[in-house]
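Enquirer: Sharing a sequence plus its predicted fold:
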Amino acid sequence: MGNKRTVAAVFEPLAEAALGAHLAVRFEFWDGSTIEPEGPCAGTIRIRSKDALRHMVWAPGELGIGRAFVSGAVDLDGDIFSILRSLATTAPSDAKLGLDAARKAILAARELGALGQRPAPPPEEARPRRGPLHTKRRDAAAISHHYDVGNDFYRLVLGPSMTYSCARFVAEQDDGQAGPNATVSLADAQRAKHDLICRKLDLRPGMRLLDVGCGWGSMAIHAAATYGVQVVGVTISNAQIELARERVAAAGLSDNVEIRLSDYRDLRGEQFDAISSIGMFEHVGTKRAAAYFETLRALLRPEGRLLNHAISSAGGSVMGARSFVGRYVFPDGELVDVGEVVLAMQRAGFEVRDVEALREHYALTLRAWVANLESAWAEAVSLTSEGRARVWRLYMAASALGFEDGGLGLHQVLGVVPDAQGHTGMPGTRRAWL
């Protein structure tokens, strides 16, 4: 570079502004220069081109960094969990990618000749629609962005159970054990989760179950095959419904399970004995929570039960259009405080009888999914795109850490509809489903 400074020398003030002075990762740049950590190194962040800075200048903060990573201008070399954890724990509490970091990014980009036209966002990025949130049309577009990326890709990541929600890592001999049992396989853990929900709902032969947001049909298949119930599963994902119907037929359960392409708002005039809502509520939104539970309440007979299984966040969290998750993973997604969930259910006419937290189990679930993805990386890329695979790797690894440190929660909330005399049919203790 002649008398010019290396990229590392130019970039170092920006790294310190964003991440703090005591870095625990190594930076390597496109000119071969590096920034070395003073102490133990969690891994290497590779800045592969000037486009990384362009993304950060034009979209300061989380979105610009996300674009740089998804596009391949930034890469992570090493254990992704260790790298992300070190970045989160070494930065001072007030270190944010705010105005100071944005100013340093512009100065660095100018010196490196990286200023110029706004780079196009990666094609995997969702384009947020204008207008009110959670209309049927907008929700359908958001669901399609997240789920219609290829059933084979999801099978690779999720494993043969094709269950995209928190598993339950327990075994019969686990009484009194602290935390989830990591020796349990992912498939067995997903089966244990489905069975726990079936027991909480007190499913018995001949009962009618509604599975809202049924995914690829795993809960419907388990409930019908194991408990002899009639199941209606609904989803608004075209890719999911096609495979769910195939799986139901392959299991010989076509007479017991009906999979419908339907929005929950279109469910009217039917009666069910139980309802499961697993990984669905995150797409509903805070403003529609009351209407959601009122709709489900109207579908349940007296003494019918609802199990709502959803990610939660203390105080609530909206996945905004400037966030990585909002643009690449869950457009319009919202995480609702579990207290608000309980309140909304009770206002809709449910009597809440049980709340169970499973956040440590979701951390283990996500780590298993990341391992599946990384072990078959080339195949995953061939099934979708390198950018999409990058999105899922970063999102799942960061989410796992969020569940581990308590920033994210996962709760199952069980409600029942009392009859006119207040009867619920609930057992006296939780022993029936423990």
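Expert: Yes, it's here.

Enquirer: who touches stretch 376-391?
Expert: 69-72, 122-124, 149-150, 152-153, 156-157, 328-329, 373 (Cβ atoms under 8 Å, 6 or more residues apart in numbering). The way it works is simple: take the backbone N, C-alpha and C, and place the C-beta from them, glycine included.

Enquirer: What's the ChimeraX line that selects buried ones from those residues?
Expert: When burial is assessed using 16 or more other Cβ atoms under 10 Å, the buried subset of the contacts of stretch 376-391 is captured in ChimeraX by this command:
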select :69,70,71,72,122,124,149,153,156,157,328,329,373
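
Enquirer: which of the contacts of stretch 376-391 lies closest to H22?
Expert: When these are compared for distance to H22 (Cβ to Cβ), F69 comes out closest, at 22.7 Å.

Enquirer: was I right about that closest one contacting R393?
Expert: No. Counting by Cβ atoms under 8 Å, R393 is not a contact partner of F69; they are 9.3 Å apart.

Enquirer: mind checking the longest helix of this protein?
Expert: The helix of greatest length in the chain, counted in residues with DSSP state H as the criterion, is given as helix 386-405.

Enquirer: what mean pLDDT does the host helix or strand of M219 have?
Expert: Secondary-structure assignment from DSSP states H and E places M219 in helix 218-227. Summarised as a single mean, pLDDT over helix 218-227 is 98.

Enquirer: ok, now stretch 381-401?
Expert: Per-residue pLDDT values over stretch 381-401 give a mean of 96.

Enquirer: measure the nearest residue to S218 once chain neighbours are set aside to G228 for me?
Expert: Beyond its immediate neighbours in the sequence, the residue positioned closest to S218 (Cβ to Cβ, 6 or more residues apart in numbering) is T163, lying 4.5 Å away. T163 sits 21 Å away from G228, going by Cβ to Cβ, to the nearest Å.

Enquirer: Quick one: neighbours of R204, just the number.
Expert: As a burial measure, R204 scores 12 neighbours (other Cβ atoms under 10 Å).

Enquirer: Report the contact partners of the closest residue to it other than its chain neighbours.
Expert: Leaving aside its sequence neighbours, R204 sits nearest to Y227 (Cβ to Cβ, 6+ apart; 6.7 Å). Contacts for Y227 (Cβ under 8 Å, 6+ apart) come out as 198, 203-205, 207.

Enquirer: Let's see that with 10 Å instead.
Expert: With contacts defined as Cβ atoms under 10 Å, 6 or more residues apart in numbering, Y227 is in contact with 195, 198-199, 201-207, 209, 274.

Enquirer: repeat for P119
Expert: 50-55, 57-59, 64, 67-68, 71, 73.

Enquirer: change it to 7 Å
Expert: 51, 54-55, 58 (Cβ atoms under 7 Å, 6 or more residues apart in numbering).

Enquirer: Kindly present those as a markdown table, with separate columns for secondary structure, pLDDT and distance to E334.
Expert: As requested, those are arranged in a markdown table below (DSSP: H, G, I helix; E, B strand; the rest coil; pLDDT from 0 to 100; distance: Cβ to Cβ, whole Å):
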| residue | secondary structure | pLDDT | distance to E334 |
| --- | --- | --- | --- |
| D51 | helix | 92 | 32 |
| R54 | helix | 90 | 31 |
| H55 | helix | 91 | 26 |
| W58 | helix | 88 | 27 |
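
Enquirer: which of these tops the neighbour count?
Expert: Highest neighbour count within the contacts of P119: H55, with 28 neighbours (other Cβ under 10 Å).

Enquirer: how far away is that one from F27?
Expert: Here H55 is placed at a distance of 16 Å from F27 (Cβ to Cβ).

Enquirer: which stretches of the stretch 301-434 of the chain form helices?
Expert: With DSSP state H, counting those that start in this stretch as the definition, the stretch 301-434 of the chain shows helices at residue ranges 324-328, 338-347, 359-375, 377-383, 386-405.

Enquirer: Please apply the same query to the stretch 1-150 of the chain.
Expert: Counting by DSSP H, counting those that start in this stretch, the helices of the stretch 1-150 of the chain are 7-19, 51-58, 62-71, 80-90, 99-111, 136-147.

Enquirer: I'd guessed L76 sits against A42; true?
Expert: No. Assessed by Cβ atoms under 7 Å, L76 is found out of contact with A42, at 9.9 Å.

Enquirer: Who has more neighbours out of these two?
Expert: Between L76 and A42, counting by other Cβ under 10 Å, A42 is the more crowded of the two (24 against 21).

Enquirer: Roughly how far does the residue nearest to L23 when sequence neighbours are not counted sit from V170?
Expert: Take L23 and drop its neighbours on the chain: the residue closest to it by Cβ to Cβ, 6+ apart is P37, 4.9 Å away. Using Cβ to Cβ, one obtains 39 Å as the distance from P37 to V170.

Enquirer: Looking at the contacts of P119, which one is closest to R353?
Expert: Distance ranking of these against R353, using Cβ to Cβ, places H55 first at 48.8 Å.

Enquirer: quick revisit: nearest to S86, of the contacts of stretch 376-391?
Expert: Of all those, the one with the least separation from S86 (Cβ to Cβ) is F69, at 16.1 Å.

Enquirer: Which residues are in contact with that closest one?
Expert: F69 makes contacts with 390, 394, as judged by Cβ under 7 Å, 6+ apart.

Enquirer: pLDDT score for it?
Expert: Per-residue confidence (pLDDT) for F69: 96.

Enquirer: D174 now?
Expert: With respect to pLDDT, D174 scores 69.

Enquirer: in stretch 44-59, what counts as buried?
Expert: Residues 44-47, 50-59 are the ones in stretch 44-59 that count as buried (16+ other Cβ under 10 Å).

Enquirer: export these to TSV and tack on distance to W433?
Expert: Compiled in TSV, the buried residues of stretch 44-59 are given as follows (distance: Cβ to Cβ, whole Å):
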residue	distance to W433
T44	47
I45	45
R46	48
I47	51
K50	57
D51	52
A52	50
L53	54
R54	54
H55	48
M56	49
V57	54
W58	52
A59	47
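
Enquirer: which pair in those spans the largest distance?
Expert: The distance between the two most remote of those (Cβ to Cβ) is 25.1 Å, for T44 and W58.
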